[in-house]
Structures are given as structure tokens and as C-alpha cells.
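Trainee: just the structure for this:
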Amino acid sequence: MVRFDGTPLTDRRAFLRRVGATGTLATVGIAGCVGAPGTAGNDGTGGGSGSDSGTAETDTADDEFGPETLATEVVADGFAAPLGLEAPPNVDGRLYVVDQRGTVTVVDGDDRATFLDVRDRMVDLGGGYSEQGLLGLAFHPEFPDEDRVYVRYSAPGRDGTPSGYSHTFVLSEVRATPDAADFDTERTLLEVPQPQGNHNAGSVTFGPDGLLYVGVGDGGGGGDRGTGHVDDWYDALDGGNGQDITENLLGSVLRIDPLGGDDVGVDGDGDPYAIPEDNPLVGGEGLPEQFAWGFRNPWRFSFDRETGEFLVADVGQNAWEEVNRVESGGNYGWNVREGFHPFDRDSAPTETPDGDPLIDPVLEYPHSGDGVSGISVIGGYVYRGDEIPALEGTYLFADFRPGGDLFLADPQEEGRWPTRTVETAGLGRSVLSFGQGPDGELYVCTTGDDGGAVSRIVAE
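Mentor: Here you go, the predicted structure:
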């Protein structure tokens, strides 16, 4: 399937180029914005967020919650840029580490082996900063009895990719044992042409409903506008894909049934997946794969394994980072709003012309200031383990800013979630992603001057 229309890559990451001159951060594919808030340097667009919402205060906690400190224990290192960790519940404690450079490594105690290698199918990442690569992995919930694994990677342009586009988003299914995936069995489910090289998102995960959720960024560049960004209902700004539901799949979270299609073989000619009948756009206007929209760059999402809440972190542009509680058919505001604020205007609507609300996040934080602040939000998990009782029910997340701050949020049924930093002994690196074990314990994927590592989060 190919849906879309084109833009050159805009490189505005002077900060990351500077870091990359002395370390490995320049190879990391974190999909975020850096630089001084509200400046043109972030995306080459100029302008930041307005502040007419009346809710510009940061989400600071009045009362302490969660543990005072945390610690980490390295379980595997020597990676380039570990962007994810998967731990299938029926595979005897093995950890599967997703490295942006194109490999998945299975870690079993002190033993390591290559589980999957897609480097020959990917774009050339070169030696500098890139947001492309191997970006996501999901095991079927019944793996290994159902021997299917789902892989999200950046491929060169394919048939139907417009001239001048950066690359093609590929979501594929492969057959696997717990020891290794067989890429000769690759079955392509979805191809989405990407006009630019950034804002690629990358998360793929099965929800509690047994369906596959896929994060898709807005197509790259700045402000969700320019070549490759379609017109929408919001006339105050050109673009954007985040508010479009009819022309392309960009700026959305998708929901599909990967086993429900007609194309059950590697070379089948039928539909490679099915559309769940209760997807919000089924039977109406819009592309029915879409579950929710209005996203800029959803970098990592998760389901609370106790409540089922779907939490999606969306990287902001010049001023605000956010986490959203996402529901079917929800519109989360980009590029009309950034966090709780108008984007690039002094004021902006809070609903579409049809009266559909632009849903506010559950938390936001600024690019500068005391307490929780940063440059690119890293979505995490609600802790449901047993080893850190003080962390129970708390949402643990982070920012890509060098230094390795971890953040806690106190989930609320309504309103904004209080947030705070938590001192973490032994981290000292930039956070790329998190993982969750079958026991509910959490892992953090990091990178630094000495390469990438995966660590288990423990009580200090």
C-alpha cells in the first residue's frame, strides 16, 4: 500500500552535531527537536508556541509521589543506539534489544546472538545523526506458538515512492523461533513514503485487544508544512498531515489486524492485513487504518497493563513536550497546538470546524526551566512490577537531553498529571527508550560516549 505525495531533509540539529563530534550520540535516531525554545534553529521554521491557553504552568507536583531515588543495573552493553527492548512472556527471560543500526540481539544472561539483521534492506545511515533505521519490533502476543514478529524499518524508496522523497516506511512480518528470525519469510504489510528523513516515530506494539498499533510521524521538516504536507482545515498555518485523515497516514497512530488479511503467504496478492471493524473511520470519510491523529512525532508509546490506558509521547517542536492518553478517534492537536498551547500563533482553536475537540495532553513540560524540562520526550511505562513498591502505578518517562534525567508522573483520572524528576544513580547517559519485562519490571535503553546499553531499573 502506498499513500502520499514530497520534501528534502531539513537538518537543524546543531546541538546533536556538536555532541556527535566527540561521542556516539550523532548516530542515534531519536526523533526530536533540540535547540533553544522558540527559535528558528530547531526546524528551520521560525516561531514557537503561543500562550493564550491559560494553562502555561508546568506540571509540577505539590506533594511528593514515587520513590526519592532510583538506580540502574546494566544487563547488556556494546550497542550503537538501542532504541527498544522486547521481552516476550513465553520465552524464558530472554531480552531482545533493537539497535537502530539494523540488528536485533537476543540477550540470555551472559549469552548473546543475532536474532535479526535488516541492514541490507535499510537506507544507508552514514556516520552522522539520523532518525532512520530499525525503529520498532513487536512479537505476536502468543509467540512462539504463533511464530510471527513485526519489524519497522526505513528502506530506500520503493515502487510508488515519489521522486525526491527521503525513504519508505516499511512494516513487515517475519517468521521466527526464539533463537532467530528468518528474513526470507518477510511479508510486507505496509509501506508509507516519507518525504523527509525525520519525524519517523517507530513504535509498534500489540494492544490488550490483540491488535497491532503503529506510530507514524508527520512526514518531517518543520511545522508540518512544506513539500509532502497536505492542506488541512486550519487556514492560519500551511499544512498539515497531523490534521489530515484522507490523504495519507502520516501524523497518526494506526491500528490493524496483521493476521486478518487475505495475503497469508510471502508472495500473496491479497490484502496483507485487515481493518478492525471498530476503527473510528471505518464506513466514513478517512483512511480506516487510523486510530487517532494530530501527532507530530510519537516517540514511544505503551499500554498500562493494569488499566489498559494507551499513553503516547509526542515530541514537540520549539517549546513543549507532551504525553497523551489516547483513545479511538482522538485528535491530539498538531499542528494547531503544541501541548496545551497554540502553535506558532498567539491564539488557536481548541476544536475542529465540525466541533471535534483537539484533545489536550495529560502532561507537558517546557524546553527550559527548573524541574522537568528537556528537548525531546521519551515515552515510558506505568510501573506494574513488585521490586519497587514506591513506584507502583507511577508513569516513568524521560527526555533525550544529555545527563539521563528520569521523570515520574502521577496518573490522574481527570486533569493534568503532576510530574517531577527522580535522581537516578548510575545513569549518566541520554535515554533513547524503555522496555518492560513480563514481570512488570522496567528497563532503560541509553547511549553515551562509550556506546549504548540496556539497564534494569532497580531501587537504590
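
Trainee: residues touching Asp304, list them.
Mentor: Going by Cβ atoms under 8 Å, 6 or more residues apart in numbering, Asp304 touches 311, 381-382, 384, 411. Any C-beta I mention is one placed from the backbone N, CA and C, and that applies to glycine too.

Trainee: model confidence score at it, please.
Mentor: Predicted confidence (pLDDT) for Asp304: 98.

Trainee: CSV for the contacts of Asp304, including pLDDT, distance to Ile245 and secondary structure?
Mentor: Shown next, in CSV, are these (pLDDT from 0 to 100; distance: Cβ to Cβ, whole Å; DSSP: H, G, I helix; E, B strand; the rest coil):
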residue, pLDDT, distance to Ile245, secondary structure
Leu311, 98, 22, strand
Tyr381, 98, 29, strand
Val382, 98, 29, strand
Arg384, 97, 33, coil
Pro411, 97, 29, coil
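
Trainee: can you show me the strands along the stretch 251-400 of the chain?
Mentor: 252-256, 290-293, 298-303, 310-314, 320-326, 337-338, 341-342, 363-366, 377-382, 395-399 (DSSP state E, counting those that start in this stretch).

Trainee: flag every buried residue along the longest one.
Mentor: Read it as strand 320-326. Buried residues in strand 320-326, counted by 16 or more other Cβ atoms under 10 Å: 320-326.

Trainee: quick one: the strands in the stretch 101-250 of the chain?
Mentor: 103-108, 111-117, 134-139, 148-155, 167-176, 181-194, 204-206, 212-216.

Trainee: what angle separates the second one from strand 181-194?
Mentor: What it means is strand 111-117. 50 degrees (axes from the mean of the first three to the mean of the last three Cα atoms, to 10 degrees).

Trainee: for the last one, same thing?
Mentor: Orientation note: strand 212-216 sits at an angle of 40 degrees relative to strand 181-194 (the same axes, to 10 degrees).

Trainee: the third one too?
Mentor: If you take the same axes, to 10 degrees, strand 134-139 sits at 130 degrees to strand 181-194.

Trainee: what residues does strand 134-139 touch?
Mentor: 29, 83-84, 86, 88, 96, 98-104, 116, 118, 122, 148-154, 200-206, 212, 214-215.

Trainee: and it, average pLDDT?
Mentor: 98.

Trainee: next: the last one.
Mentor: Confidence for strand 212-216, expressed as mean pLDDT, is 98.

Trainee: dump the C-alpha coordinates for it into CSV.
Mentor: What follows is strand 212-216, C-alpha atoms only, in CSV (Å, rounded to 0.1, in the frame of the first residue of the first chain):
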residue,chain,number,x,y,z
LEU,A,212,-1.2,-4.1,16.2
TYR,A,213,-0.6,-0.3,16.9
VAL,A,214,1.8,1.6,14.7
GLY,A,215,3.1,5.1,15.3
VAL,A,216,3.7,7.4,12.3
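
Trainee: what lines up beside it in the sheet?
Mentor: strand 204-206 (antiparallel), strand 252-256 (antiparallel) (DSSP bridges).

Trainee: out of those, flag the one nearest Val282.
Mentor: strand 252-256 (10.5 Å; Cβ to Cβ).

Trainee: report the angle between the axes of that closest one and strand 320-326?
Mentor: 30 degrees.

Trainee: low-confidence ranges in this protein?
Mentor: Scanning the chain for pLDDT under 70 picks out 1-63, 263-269.

Trainee: middle-most residue in it, spatially?
Mentor: Geometric centre of the chain, nearest residue: Trp299, 2.1 Å, by Cα atoms, centre = their mean.

Trainee: my guess is Gly197 meets Gly128, correct?
Mentor: No - Gly197 lies out of contact with Gly128 (Cβ atoms under 8 Å); the separation is 11.2 Å.

Trainee: perfect, I'm done here.
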